[in-house]
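Undergrad: Please work out how this folds:
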Amino acid sequence: MNKKRNLTAEDLFNIEVYSDPQTSPTGEGYVFVSTTINEEKEYDAHLFFQNFVTKEVNQWTFGNVKNSYPRFSPCGKYLAFQSDRTGVPQIWVLRTDGGEATQITTFKNGAETPHWSKDGKYIIFTAMLAKNDCVKNQQELTVAESITERDEASKRPIIINELKHKKDAVGFFDDKRRQLVQYDIEAKTFKQLTKEFSDHYFEDISPDGNQILFSANFDDALGEETLHLYSLDIKANSVTKLTKGMGTCYHARFSPSGKKIVSFGHEFAYYESTINELYVFDIETGKRSCISESWDMQLDDYTIGDTRLGQSTTGPVWSKDEKKIFFIATHFGSTALYSVDLQGNLEILNKNDHHLFGFSYNEIDESFIVGISTPTMPNNFYKLTSNKLEQLTEANKFLEKVALSEPETISVKSEDGFDIQGWLLRPYEFNEQNKYPFILEIHGGPHAMYGYTFFHEMQLLAAKGYAVLYTNPRGSHGYGQQFAHGTYGDYGGGDYRDLMLSVDYVLERYDFIDKNRLGVTGGSYGGFMTNWIVGHTNRFKVAVTQRSISNWLSMFGTSDIGYFFCKWELGVDLLDSPEKLWDFSPLKYAKNIETPLLILHSEKDLNVSIEQSEQLFTTLKFLGKEVEFIRFPNENHELSRSGNPQARLERLHHICRWFEKYL
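TA: Purely as a prediction, here's the structure:
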């Protein structure tokens with residue numbers, strides 16, 4: 001038997017990521033997106049179609065481009081999608097029986113997220129438009145024109161007069177906002193449907209084609225996270241607001257009869273940590289009912305991973321008889337597919353120790369295409385029929401020759417009765433007689449979840465010879481509302497103790513872990529916790545902090561979310577109680593840090609500004625501590641998940657280098 005090799009950092013370039021399954025209206029197969037990294041170390045994303053009968057998989061798009069968001073026409077003869085093959089994303093249409101794709105839009109700033117009307121006569125999409133833009137004479141720029149415009153824009157001052165003026169991975173806001181546009185297939189004409197100076201997010205179109213659902217926030221005073229649901233009457237050119245208050249509403253869909261609407265949402269009862277509800281609107285009465293009122297479960301997918309490129313944003317979906325609603329929920333380390341009737345009776349359609357990251361409902365035979373990842377399998381698609389799974393794809397077969405670590409699930413009882421779930425990876429070529437160094441990984445959020453999904457970084461550290469522990473301390477989603485709200489006003493309190501109890505637990509039970517060689521790392525909130533840990537204990541011999549918070553006082557004014565995030569997470573803001581924000585700041589405890597610290601941060605991170613790391617590095621260097629600072633140009637907060645492939649590789653090499661040096 002040939003020995004399996006260990007995983008490498010460079011294997012990041014070999015992983016094929018599947019996303020966004022869409023079943024054909026004819027029921028003969030489904031289309032999906034496959035994202036890979038090409039020889040130039042850039043992302044390619046292509047559309048593939050698999051026939052249910054022959055199981056044959058055919059590639060429908062080619063070249064060094066990114067294609068995504070495939071959507072079938074109602075008749076199934078055409079496929080609309082977005083592609084950046086001309087420079088910026090534009091809408092294209094492809095015949096499903098073969099032939100070249102036809103470009104539909106040439107908008108200067110691109111066009112995205114195409115959706116068909118139910119009669120197939122129109123495509124509705126979103127485009128970034130200024131107040132005076134005309135959709136009838138939009139013309140995309142040539143490469144030379146784009147370069148010239150970027151150069152000229154870089155020399156112009158940015159005028160800011162709004163509290164909400166920037167967003168990570170987007171940049172500083174300008175005079176353009178996301179608008180809904182309708183394309184007439186037969187007439188080949190465009191009609192701008194919305195003009196309010198705000199971002200509009202398409203949700204659905206009614207069965208009769210007269211009403212468009214969209215979400216938006218027309219009042220900045222309501223807060224950045226607020227999204228109301230609106231109905232646009234196309235014929236009357238009138239807009240009706242469907243939701244009230246200061247909540248959020250998204251992933252809304254008309255029922256097959258058009259008499260009801262289902263959506264996810266909540267009213268921010270617990271601020272940032274509030275779990276989602278499942279709402280149903282009765283269009284005739286205007287009444288909204290909450291089906292999930294008695295549940296204590298997070299709806300939608302909140303699992304964290306580093307190989308989930310592409311979109312699989314599947315919200316609640318109606319059954320064809322309108323009696324049930326299908327959706328994904330996050331629960332105890334896994335995501336599952338559920339069904340619920342209008343009386344709130346819940347049924348599990350598929351749940352296992354895995355990450356179900358997307359699905360598509362086939363009305364013809366009432367089956368599902370589901371995307372699934374496990375700790376040792378990045379992704380594959382399966383057909384789910386009557387609770388039985390049939391595997392359809394065989395992605396990433398190269399991993400059959402790679403030794404991957406199966407995680408061992410642990411559960412630790414916190415001091416106040418919470419069950420803290422976690423996973424331990426044993427190192428490559430594990431030998432019970434040996435002693436191994438150990439690394440604690442801490443996720444971001446904090447309102448997210450580690451789970452039963454493939455995580456290249458975790459597997460890489462195990463392949464390098466480390467025992468790796470990753471847990472979901474309080475604040476994580478997947479364990480109920482009170483658990484998710486457990487960090488409110490208590491960053492560095494109960495969450496810190498949860499993490500230390502988890503470390504104590506594995507050290508007591510696993511003799512192969514060397515208690516004198518412990519490392520810790522995390523990003524975003526996990527970076528904050530890494531900073532907090534090394535400022536409050538010297539038990540870890542080395543640490544790597546990533547895109548981290550060090551000073552809440554400056555976080556308030558420099559982050560794209562800081563002005564509300566501080567209040568929502570810590571209970572106070574800069575003007576309420578600056579002394580409390582300082583107490584929550586790891587920078588306050590910098591004198592206590594004796595652990596060699598590697599600091600990683602992206603230059604264009606607008607979520608947690610790089611000044612947070614600059615302050616920490618300068619302070620530690622001033623104090624004569626062992627510290628190194630690595631800045632990633634042109635990257636944002638999403639570096640580890642969707643950043644430039646070469647930058648992602650460099651990041652992994654630096655993490656491994658630092659741990660190897662001290663462990």
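
Undergrad: Low-confidence stretches in the stretch 301-450 of the chain?
TA: Low-confidence segments of the stretch 301-450 of the chain, defined by pLDDT under 70: 309-313.

Undergrad: could you pull out the strands for it?
TA: 317-318, 324-331, 334-341, 346-350, 355-362, 367-374, 377-385, 388-391, 402-403, 408-413, 419-425, 436-442 (DSSP state E, counting those that start in this stretch).

Undergrad: which other helices and strands contact the fifth one?
TA: Pointing back at strand 355-362 there. With contacts defined as 3 or more Cβ pairs under 8 Å, 6 or more residues apart in numbering; DSSP states H and E, the secondary structure elements packing on strand 355-362 are strand 17-23, strand 324-331, strand 334-341, strand 367-374. (Each C-beta comes from the backbone N, C-alpha and C, glycine too.)

Undergrad: Now distance to residue 282 and mean neighbour count too, for the ones you listed, in a markdown table please.
TA: Formatted as a markdown table, the entries for these read as follows, by distance: least, Cβ to Cβ, whole Å; neighbours: other Cβ atoms under 10 Å:
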| stretch | distance to residue 282 | mean neighbour count |
| --- | --- | --- |
| strand 17-23 | 28 | 23 |
| strand 324-331 | 14 | 23 |
| strand 334-341 | 15 | 20 |
| strand 367-374 | 27 | 23 |
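
Undergrad: Compare the strands of the stretch 301-450 of the chain and give me the one nearest residue 81.
TA: Residue 81 lies closest to strand 355-362 among those, at 15.0 Å (Cβ to Cβ).

Undergrad: what's next to that closest one, contact-wise?
TA: Contact with strand 355-362 is made by 19-23, 27, 30, 301, 303, 305, 308, 312-314, 317, 319, 326, 328, 334-337, 350, 368-374, 379, 384, 451-454, as judged by Cβ atoms under 8 Å, 6 or more residues apart in numbering.

Undergrad: For residue 360, see how far away residue 266 is.
TA: As judged by Cβ to Cβ, to the nearest Å, residue 266 and residue 360 stand 25 Å apart.

Undergrad: who's more crowded, those two?
TA: In terms of neighbours (other Cβ atoms under 10 Å), residue 360 is the more surrounded of residue 266 and residue 360; the figures are 21 against 17.

Undergrad: Can you report how many residues lie near residue 558?
TA: Residues contacting residue 558 under the criterion other Cβ under 10 Å number 17.

Undergrad: Phi, psi for it please.
TA: Note on residue 558: its backbone torsions stand at phi -110, psi -20 [degrees, to the nearest 10].

Undergrad: cool, and the one 10 residues further on?
TA: For residue 568, the backbone dihedrals (degrees, to the nearest 10) come out as phi -70, psi -30.

Undergrad: From residue 56, how far off is it?
TA: Taking Cβ to Cβ as the measure, residue 568 falls 50 Å from residue 56.

Undergrad: Looking at those two, which one has more neighbours?
TA: Set side by side, residue 568 and residue 56 show unequal neighbour counts under other Cβ under 10 Å, the larger going to residue 568 at 18 against 9.

Undergrad: burial measure for the spatially closest residue to the more buried one that is not a sequence neighbour, as a count.
TA: Spatial nearest neighbour of residue 568, chain neighbours left out: residue 271 (3.8 Å); criterion: Cβ to Cβ, 6 or more residues apart in numbering. By the criterion of other Cβ under 10 Å, residue 271 has 16 neighbours.

Undergrad: quick one: residue 271 from residue 481, how far?
TA: Separation of residue 271 from residue 481 (Cβ to Cβ): 12 Å.

Undergrad: before we move on, what about residue 563?
TA: As it turns out, when the distance is counted by Cβ to Cβ, residue 563 lies 25 Å from residue 481.

Undergrad: Please apply the same query to residue 149.
TA: Taking Cβ to Cβ as the measure, residue 149 falls 48 Å from residue 481.

Undergrad: picking that back up, let me have the strands of the stretch 301-450 of the chain in a markdown table, extended by distance to residue 498.
TA: What follows is these, written out as a markdown table (distance: least, Cβ to Cβ, whole Å):
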| stretch | distance to residue 498 |
| --- | --- |
| strand 317-318 | 36 |
| strand 324-331 | 19 |
| strand 334-341 | 20 |
| strand 346-350 | 28 |
| strand 355-362 | 22 |
| strand 367-374 | 25 |
| strand 377-385 | 29 |
| strand 388-391 | 34 |
| strand 402-403 | 31 |
| strand 408-413 | 8 |
| strand 419-425 | 5 |
| strand 436-442 | 10 |
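
Undergrad: Residue 102: which of these is closest?
TA: Within the strands of the stretch 301-450 of the chain, the stretch nearest residue 102 is strand 355-362; the backing value is 24.5 Å (Cβ to Cβ).

Undergrad: pLDDT of stretch 149-164, averaged?
TA: Averaging pLDDT along stretch 149-164 gives 87.

Undergrad: from the middle of its chain, how far away would that stretch be?
TA: Stretch 149-164 sits 28 Å away from the centroid of its parent chain (Cα atoms, centre = their mean, to the nearest Å).

Undergrad: One more: stretch 515-527?
TA: 22 Å.

Undergrad: Contacts only, for the nearest residue to residue 382 once chain neighbours are set aside.
TA: Excluding the flanking residues, the one nearest residue 382 by Cβ to Cβ, 6+ apart is residue 389, at 4.7 Å. Contacts for residue 389 were tallied using Cβ under 8 Å, 6+ apart; they are 350, 370, 382-383.

Undergrad: Residue 100: which of these is nearest?
TA: Closest to residue 100 out of these is residue 383 (30.2 Å), distances taken as Cβ to Cβ.

Undergrad: ok, the closest one to residue 478 distance?
TA: 26 Å.

Undergrad: Kind regards, and thank you for your time.
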